[in-house]
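# sharing a sequence plus its predicted fold:
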There are 2 protein chains.
Amino acid sequence: MEPSDPYLIVSADSHAGLPTQDYRAYLASKFHPQFDDFLNERSAAVEAMTKLGVRNEDYAKKWFEEHEDALRSGWDADRRDVELDGDGVAAEVVFPDADAVESRTCVPFGAGLGLSGDIDPELGLAGAQAHNRWLAELCSHSPERRKGVALVPITAPLDEVLAEIRRIKAEGLGAVMIPAMWVNQTPYHDRRYDPVWALCEELELPIVTHSGPAARSEYGDHLGIYVTEVTWWPARPMWFMLWSGVFERYPRLKFGVTEAGCWWLPALIWFWDRLYLGQKGTEKLGTDPFRGAVSMPPSDYIDRNCFIGASNTKRRELGMRYEIGVDNILWGNDFPHPEGTWPNTRSWLTKTFHDIPIDETRRMVGLAAAEVYGFDLAKLQPHADRIGPTPMEFGQVTDDDPTGSRLVHKWAATKAVGRHWLTDNDFALIDI
Amino acid sequence: MEPSDPYLIVSADSHAGLPTQDYRAYLASKFHPQFDDFLNERSAAVEAMTKLGVRNEDYAKKWFEEHEDALRSGWDADRRDVELDGDGVAAEVVFPDADAVESRTCVPFGAGLGLSGDIDPELGLAGAQAHNRWLAELCSHSPERRKGVALVPITAPLDEVLAEIRRIKAEGLGAVMIPAMWVNQTPYHDRRYDPVWALCEELELPIVTHSGPAARSEYGDHLGIYVTEVTWWPARPMWFMLWSGVFERYPRLKFGVTEAGCWWLPALIWFWDRLYLGQKGTEKLGTDPFRGAVSMPPSDYIDRNCFIGASNTKRRELGMRYEIGVDNILWGNDFPHPEGTWPNTRSWLTKTFHDIPIDETRRMVGLAAAEVYGFDLAKLQPHADRIGPTPMEFGQVTDDDPTGSRLVHKWAATKAVGRHWLTDNDFALIDI
């Protein structure tokens, strides 16, 4: 690959969903009466969002007026491709809930981004299936550009869960979103879920969570508490799976946390490796306090089994990429949510990646996601050639430095220190 | 102060407690029957610890044999002073539960480190009072060297809570430990607790949590999950109080998180300041999504109202001290717990602080804690002069550099960048 080649960009976090009422056609008819009730309750839900401060009336009005046409891309595949092209994005990993402002495209019965362990098993599966069926249709348009994320309430009866996973694989969907919170159901360290992990490993379906669920009933109307914790709950399954040996037993299983940032991860990896590598504080715990569940430092499982759908990556996070693992950071535009970079992805990427080495940028903005989710690079290349921004557009190459080598040099020392606790350094080094 | 002056060391985290059965004398007699039941149930509790992997039989045997005599310092003030002297520690902030290996000195009815919001209000207060009474006695020996932390289950009826806070203040205790987890009780953002915050502010009693409580019933027997989350739960009240305006309404109130490290804090402060200072992601939320609860960047509340009882500080944490705030880091030896630095505090401090500027070391190992907890420096100075290690002992001054100025120079650039998001830098700088 040449430094002048355009980037093949994959958004590891985008959203699509039908206008809520239109899900009726995808819902088994026996659930239509409950669906009517659900539609009637939606206005109460919007009111609750306003109370918590995550919805602002004036802003919502403006958002829908200004983007009326573009927002059809939430469910219209052709229009969607136009918006992806405009953003320079060759491919996308498609989560539910296109509308993050007023939830006008929410999955029936709360089975969307808010998917929760305590959802009614029957209704939850029915709502999830309605979305999964429609999403498979959406992804059949320009299929090389899309991997749809199926919704699977894994706390439901196991045989139905496994059947749904097989079904969505057969329909061409590319990942399985599980409830971030099990709430009153069995936590994810439990062997109950082994058949789920085994099947996802076998079918090469990454398992993902997405930010949204949180312990809202505890937060009153305090937005700051919600925003703080909404990044923690979707990350939580990572350490339940890691420390209970899920990644040890299913070495090819992939697990990713989406749109919760990756700023919290370096400290945790350090903390976990220290714990595993046996610090003084654990001497009182005997010879194998982990009971065979882990046989490698946690950072090795992170690199082998985990990834972060980091969405709109922040400069601070990129500064820590050698601790997180460059290959573990999957950028995304969060299209078409207002907190994402769409429709200004090109300028956001320039602002964020201008001094990051080109090879690393290629991984984070596309190739790592393509690998995790199994996109066909050969089929994406024509799109990248057509719409992808170039390292020159990001300011990474210049006339004086046509290969971007100054950026490699700039970060070389930071990279060499990497995860400092594994390279005999006391601190990460950032001096660029 | 001269570079050659010994350090005045204050441990912001130590532990004391009576052998459990001896609490009977401090417990109102009407609770004696329940106390007998409690004693009988303790063996089951030890078994549960073994199951989770936080207790190892062989290690426990060795620990008690090797330290039989020294461990009397858990409740014997004279012996305690000998151990403090040996560690070079002039003063201590005394939390409950001297025995972290087998809980042989646990507070009646679970009101110790595991103090939880769902504790029976009557028994919880009775158990807490028993410990508080005894602790006041302990702290009356060498009172200039001790600030006792009272146990106050603030989820109990409010009038009794306020009465207990007044009582412990009158008895000379120096701080109030609240349940880290409210569990099924009212979360700490609620105005219900305003009288508690107001009284603690008025009486200049810092409010603290301490690691221990966690959602154990969710963890199975997986130690790694427990250790990961046991640092999160005691920190959680910080953001509940901050974002709900507790620190705005009670500007002199102090809140501290103890023995949960401080490695998780830099990222949170960055994240919170970004949220407050208004990033793109919050544009959809209207003009003041925080509803007047906060009027300053969260980092300002951290500096004014919060502190971290960081116990055995790690090198990585010290590398981030300009983001955390040097004055917010209160070292502690966790005496007499095996995961702490006792009885080797001098060598641990040398290993950890050898290249930290002397003035900053003085703050972190003692002066910051003295200020937060209100120790009388004049009365502590003779102890420091007698037992305190010197900057020379830590390797901070040498014949070539009798003032330690090379250390100041070494960290100057990192300090100048500080909280990079407030100094117009993209990244923290660590290049020493």
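Yep, it's here. These numbers come from a predicted model, not from an experiment.
# my guess is A:Q129 meets A:A163, correct?
No. Look at A:Q129 against A:A163 with C-beta atoms under 8 Å: they stay out of range, at 10.2 Å. Yep, even glycine has a C-beta here, placed from its N, CA and C like the rest.
# quick one: which of these two has more around it?
The neighbour comparison of A:Q129 against A:A163 (other C-beta atoms under 10 Å in any protein chain shown) goes to A:Q129, with 23 against 12.
# show me where chain A has its strands.
In chain A, the strands defined using DSSP state E lie at A:10-15, A:91-95, A:146-151, A:175-177, A:207-210, A:255-258, A:306-311, A:329-331.
# tabulate these in CSV, adding columns for distance to A:V417, mean pLDDT and mean neighbour count.
Converted to CSV, the strands of chain A look like this (distance: least, C-beta to C-beta, whole Å; pLDDT from 0 to 100; neighbours: other C-beta atoms under 10 Å in any protein chain shown):
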stretch, distance to A:V417, mean pLDDT, mean neighbour count
strand A:10-15, 27, 98, 30
strand A:91-95, 32, 98, 28
strand A:146-151, 35, 98, 27
strand A:175-177, 33, 98, 26
strand A:207-210, 31, 98, 26
strand A:255-258, 25, 98, 26
strand A:306-311, 21, 97, 28
strand A:329-331, 18, 98, 28
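# B:V230: which of the ones you listed is closest?
strand A:255-258 (20.8 Å; C-beta to C-beta).
# what's the closest one packed up against?
Counting contacts by 3 or more C-beta pairs under 8 Å, 6 or more residues apart in numbering or on different chains; DSSP states H and E, strand A:255-258 packs against strand A:10-15, strand A:207-210, helix A:236-243, strand A:306-311.
# those: which one's closest to B:P195?
Closest of those to B:P195 is helix A:236-243, at 33.7 Å (criterion: C-beta to C-beta).
# so which bits of the closest one are buried?
A:236-243 (16 or more other C-beta atoms under 10 Å in any protein chain shown).
# what number of residues lie near the nearest residue to A:Q396 once chain neighbours are set aside?
Spatial nearest neighbour of A:Q396, chain neighbours left out: A:G404 (4.7 Å); criterion: C-beta to C-beta, 6 or more residues apart in numbering or on different chains. Neighbours of A:G404 under the rule other C-beta under 10 Å: 23.
# how far away is A:G404 from A:D5?
Distance, A:G404 to A:D5, by C-beta to C-beta, to the nearest Å: 12 Å.
# residue closest to the middle of chain A?
Nearest to the geometric centre of chain A sits A:T258, at 2.4 Å (C-alpha atoms, centre = their mean).
# in the sheet, who's paired with the residue lying closest to that one once chain neighbours are set aside?
Closest residue to A:T258 apart from its sequence neighbours, by C-beta to C-beta, 6+ apart: A:G309 at 3.3 Å. For A:G309, the beta-bridge assignment (DSSP bridges) gives partners A:T258, A:L330.
# tell me the spacing between A:G309 and B:P389.
49 Å.
# re earlier: let me know whether the residue nearest to the centre of chain A touches A:S14 as I believe.
No. Shown here, A:T258 and A:S14 do not form a contact pair, counting by C-beta under 8 Å, at 10.3 Å.
# so for A:I432, what's the pLDDT?
pLDDT, A:I432: 63.
# ok, A:G261 next?
A:G261 carries a pLDDT value of 96.
# kindly report the same for A:M49.
73.
# show me what contacts it?
Listed by C-beta atoms under 8 Å, 6 or more residues apart in numbering or on different chains, the contact partners of A:M49 are A:55, A:102-103.
# out of those residues, which comes closest to chain B?
A:R55 (7.5 Å; C-beta to the nearest C-beta).
# number of nearby residues for that closest one?
22.
# so what's it closest to, chain neighbours aside?
Setting aside the residues directly before and after it, A:R55 is nearest to A:M49 in space (C-beta to C-beta, 6+ apart), at 4.0 Å.
# how close does that neighbour sit to A:S103?
Taking C-beta to C-beta, one finds A:M49 at 7 Å from A:S103.
# from chain B, how far out is the spatially closest residue to A:P19 that is not a sequence neighbour?
Among residues not flanking A:P19 along the chain, A:T105 sits closest, at 5.7 Å (C-beta to C-beta, 6+ apart). According to C-beta to the nearest C-beta, to the nearest Å, A:T105 stands 16 Å off from chain B.
# check contacts around A:C200.
Here A:C200 is in contact with A:165, A:176, A:206-207, A:253 (criterion: C-beta under 8 Å, 6+ apart).
# ok, it to chain B distance?
To chain B, A:C200 is 21 Å away according to C-beta to the nearest C-beta.
# give me the pLDDT for that residue.
Value for A:C200, per-residue pLDDT: 98.
# just checking, the residue nearest to A:T258 touches A:T209?
No. A:G309 lies out of contact with A:T209 (C-beta under 8 Å); the separation is 9.2 Å.
# now do the shared contacts for the two.
Joint contacts of A:G309 and A:T209 (C-beta under 8 Å, 6+ apart) are A:256-258.
# residues touching A:T341, list them.
Contacts for A:T341 (C-beta under 8 Å, 6+ apart) come out as A:87, A:312, A:333-335, A:348-349.
# restrict those residues to contacts with chain B.
Among those, the residues that sit close to chain B (C-beta under 8 Å from any C-beta of the partner chain) are A:N312.
# return the subset of the contacts of A:T341 lying in helices.
In helices, defined here by DSSP state H, the members of those are A:87, A:348-349.
# quick one: which of the residues you listed is nearest to A:E171?
Taking C-beta to C-beta as the measure, A:E171 lies nearest A:D87 of these, at 26.6 Å.
# quick one: the closest one from chain B, how far?
15 Å.
# A:E68 now?
Taking C-beta to the nearest C-beta, one finds A:E68 at 16 Å from chain B.
# same deal with A:A214?
Using C-beta to the nearest C-beta, A:A214 is found at 12 Å from chain B.
# now do the contacts for that residue.
The contact partners of A:A214, by C-beta under 8 Å, 6+ apart, come to A:181, A:226, A:229-230, A:232-233.
# let's see 6 Å
Contact analysis of A:A214 by C-beta atoms under 6 Å, 6 or more residues apart in numbering or on different chains lists A:226, A:229-230, A:233.
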